[in-house]
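Undergrad: need coordinates for the below:
(chains A, B, C and D)
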2 protein chains.
Amino acid sequence: MTVTLADVAARARVSPATVSRVLNGNYPVAASTRERVLRAVDDLDYVLNGPASSLAAATSDLVGILVNDIADPFFGIMAGAAQTQIGGPGDGSGRAGGEKLAVICNTGGSPERELTYLTLLQRQRAAAVVLTGGAIEDPDHQAAMAAKLAKLADAGTRIVFCGRPPLPEGDALVAALAFDNRGGGRRLTEHLISLGHRRIGYVAGPPERTTTRHRLEGHREALRDAGLDGEGGDGERLTVHGPYDRRSGYEATLDILRREPGITAVVAANDTVALGACAAVRDQGLRIPQDISVAGFDDLPFSVDAVPALTTVRLPLFEAGARAGRLAMGKENPPPGGIATIAAELMIRGSTAPPRVG
Amino acid sequence: MTVTLADVAARARVSPATVSRVLNGNYPVAASTRERVLRAVDDLDYVLNGPASSLAAATSDLVGILVNDIADPFFGIMAGAAQTQIGGPGDGSGRAGGEKLAVICNTGGSPERELTYLTLLQRQRAAAVVLTGGAIEDPDHQAAMAAKLAKLADAGTRIVFCGRPPLPEGDALVAALAFDNRGGGRRLTEHLISLGHRRIGYVAGPPERTTTRHRLEGHREALRDAGLDGEGGDGERLTVHGPYDRRSGYEATLDILRREPGITAVVAANDTVALGACAAVRDQGLRIPQDISVAGFDDLPFSVDAVPALTTVRLPLFEAGARAGRLAMGKENPPPGGIATIAAELMIRGSTAPPRVG
DNA sequence: CTGTTAGCGCGTTCAC
DNA sequence: GTGAACGCGCTAACAG
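TA: Have a look, this model is predicted:
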């Protein structure tokens, strides 16, 4: 029924071992026999049996890319970029040679699913795993992750973090690409302060994520440095946490406006949240940026098309994803110390302006 | 070094077969021995060897989800939804029982990569494959795809189309969930015509995709029915093709405005393109919708936040993706005839209005 | 309900 | 440069 390596060998009048050598291209084979074998492969429409080959070789060609929410372009862009470096362009024949199979796994932000996917990848003896986006800071989960990753690394799986800080235990088993979320958050709020804003609302992400914490810390640092967030300062009072989605931005902004109608700016944890914040501001009959400035984070493609265009912090998502892909393939050397911090660039656009006087 | 099933068997003082039965949960096993085995599994931190198990069972737990562009939420939403039905919620232990490994493969819209991924999935003996989004209409490629899919189906891989019309050959091997792109496109343009628009620009997608063709056909039907697109009518003249991205929307709209400054509306192939169109309209000093109405397609999450909110055609992407996932798992019966058409709903919002008189 | 016996299809030593 | 033989770790009959 299904054609095996032995069938190909028979047709090419060589031994199975020779066919294997041709297919894997690692051993010297005479050009003429190679020709014969390849012809037999094509004639028979032979496709390697992945499981069998993985079993014998004790490694597979699977590379897993874990994301929190694939419906969010933040992750889509990184994951897509990583795949471009891993999948290989194909040889145009659709025949598939030594390519890796780069696959994206959507955890939905759930710690359990994150671990489950890691186990599934471990089960498949994945060649590499790329973990993207913020990590969850629950100590139990972090310990479980560290243990699981150690086991994976131990089994020869390469581990790469992308847009994620390295584990506290900081095993040298991984290469980490971390975004400068703190610095970006800080510069963004500094920008607002320099514009003259003094009461600034902050719509943060879920409290247990590193991304949320770092961006918020940057914000608070900027406030503190400007003397706007001392004891009982506004920093805490004007901060509301919620998921990284539009609805959260909308509701949190209404909430903040209710608490403190005097704010002149709202900073959102990311661009999607910022869109919701914009909608809330408008629904209150306020104008952006004349009455209230709004800012986001990430600089997703749609942000420049918001009206007015969104002031935000640009993260080089595609470049980071691609680099993570190369690291996973071993095509690029890990950064010194295993960790590289990726700069975040402030993008000043129309959604922020000086506050109205009076 | 790595612990195997036999190690677990030894520790639990049972035969390897029994361990296998417990793990796969398909055979009756006494509760007490099951307990013992599970304890041994936990003690030893045992993880099943996927390749070995796939080899022996001649099937794997891999399910592939092919998308054209994972950075586009259109695909992200469908793929994420499909994964929710496939991956299983995990048992909370991170231990991974009989779950499938749902993986997303990003073809980048390239026919070669599409075939390559299919081959890779075939090599892994995937349990199912879900193909999302519009198909490429090149006859050679379609034939190659049909052949490849037939082979996959033949090997026991379940095939599901999601948001994609069934193959011309229409083998009964697949279940297809097709969007009513033609009907949606038609109703959208009918809406504009009923508002009073007579000169309508159309920014289409890449010409070789089914999605592009069907949406455009709906548009042209509406024009024809209104007597606006006879011989040498505007339909053709005011249509420009381009990729499904923002930039294409921007440039094509400028192009159309140059050709025919008298248009009063622009219909875009999808929401992302529509955003670009909006930007172009504004950059020409025109207002939306007073001077020019703009409409999109898909109703992606950001569309309601455009200013003014985008009139578009809503596709139930999440529901369709989830259903495709269930079909791939065999959790749901295929629709009668193997194909179901999914309705598209017109969403009238602020970006369309009657044209200015005079 | 449980143990025993064979392979699944391929990579990899070894010889030649 | 090529062939022969073995075993990777597991599942699927078949007994009992």
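Undergrad: need the three-state assignment for the residue nearest to A:Gly242 when sequence neighbours are not counted.
TA: If you skip the residues right next to it in sequence, A:Gly242 has A:Ser248 as its closest partner in space, 3.2 Å away by CB to CB, 6 or more residues apart in numbering or on different chains. Bear in mind the C-beta positions are built from the backbone N, C-alpha and C, glycine included. Look at A:Ser248: counting by DSSP: H, G, I helix; E, B strand; the rest coil, its state is helix.
Undergrad: correct me, but A:Ser248 touches A:Val203?
TA: Yes - taking CB atoms under 8 Å as the definition, A:Ser248 is a contact partner of A:Val203 at 7.0 Å.
Undergrad: following the helix or strand of chain A with the lowest mean pLDDT, which helix or strand comes up?
TA: The weakest-scoring helix or strand in chain A, judged by mean pLDDT, DSSP states H and E, is helix A:234-237 (a mean of 77). Moving toward the C-terminus from helix A:234-237, the next helix or strand (DSSP states H and E) is strand A:239-241.
Undergrad: who are the packing partners of that next one?
TA: strand A:200-204, helix A:246-259 (3 or more CB pairs under 8 Å, 6 or more residues apart in numbering or on different chains; DSSP states H and E).
Undergrad: how close does A:Thr132 sit to chain B?
TA: Separation of A:Thr132 from chain B (CB to the nearest CB, to the nearest Å): 12 Å.
Undergrad: what bridges to the closest residue to that residue other than its chain neighbours?
TA: Setting aside the residues directly before and after it, A:Thr132 is nearest to A:Cys162 in space (CB to CB, 6+ apart), at 4.6 Å. Beta-bridge pairing for A:Cys162 (DSSP bridges): A:Thr132, A:Leu177.
Undergrad: A:Cys162 contacts A:Ala320, doesn't it?
TA: Yes - contact status for A:Cys162 versus A:Ala320: in contact at 5.7 Å, counting by CB under 8 Å.
Undergrad: count the neighbours of A:Asp42 for me.
TA: For A:Asp42, the neighbour count with other CB atoms under 10 Å in any protein chain shown is 12.
Undergrad: which residues sit against stretch A:28-44?
TA: Outside stretch A:28-44, the residues that touch it by CB atoms under 8 Å, 6 or more residues apart in numbering or on different chains are A:3, A:7-9, A:11-14, A:18-19, A:21-23, A:46, A:95.
Undergrad: show me which pair in those is furthest apart.
TA: The distance between the two most remote of the contacts of stretch A:28-44 (CB to CB) is 21.8 Å, for A:Arg13 and A:Arg95.
Undergrad: in contact with the residue most central in space within chain A, which residues?
TA: The geometric centre of chain A, computed from its C-alpha atoms, lies nearest to A:Thr132 (CA atoms, centre = their mean), at 3.2 Å. Going by CB under 8 Å, 6+ apart, A:Thr132 touches A:65-68, A:75, A:78-79, A:82, A:161-164, A:321, A:324.
Undergrad: just the buried residues of stretch A:320-340, please?
TA: A:320-329, A:334, A:339 (16 or more other CB atoms under 10 Å in any protein chain shown).
Undergrad: just the ones of those residues in helices?
TA: With DSSP state H as the criterion, helices contain A:320-329 from among the buried residues of stretch A:320-340.
Undergrad: ok, A:Ser248 and A:Val203, which is more surrounded?
TA: Neighbours were counted for A:Ser248 and for A:Val203 using other CB under 10 Å; A:Val203 has more, 30 against 23.
Undergrad: so what pLDDT did that one get?
TA: We note a pLDDT of 98 for A:Val203 in this prediction.
Undergrad: could you do A:Val67 as well?
TA: On pLDDT, A:Val67 comes in at 96.
Undergrad: okay, now the unreliable bits of chain A?
TA: Segments of chain A classed as low confidence (criterion: pLDDT under 70) are A:1, A:88-98, A:168-173, A:230-234, A:358.
Undergrad: neighbour count: A:Arg13 and A:Arg95, which is higher?
TA: A:Arg95 (17 against 11).
Undergrad: which residues of the stretch 1-150 of chain A fall in strands?
TA: With DSSP state E, counting those that start in this stretch as the criterion, the stretch 1-150 of chain A has strands at A:62-67, A:101-106, A:128-132.
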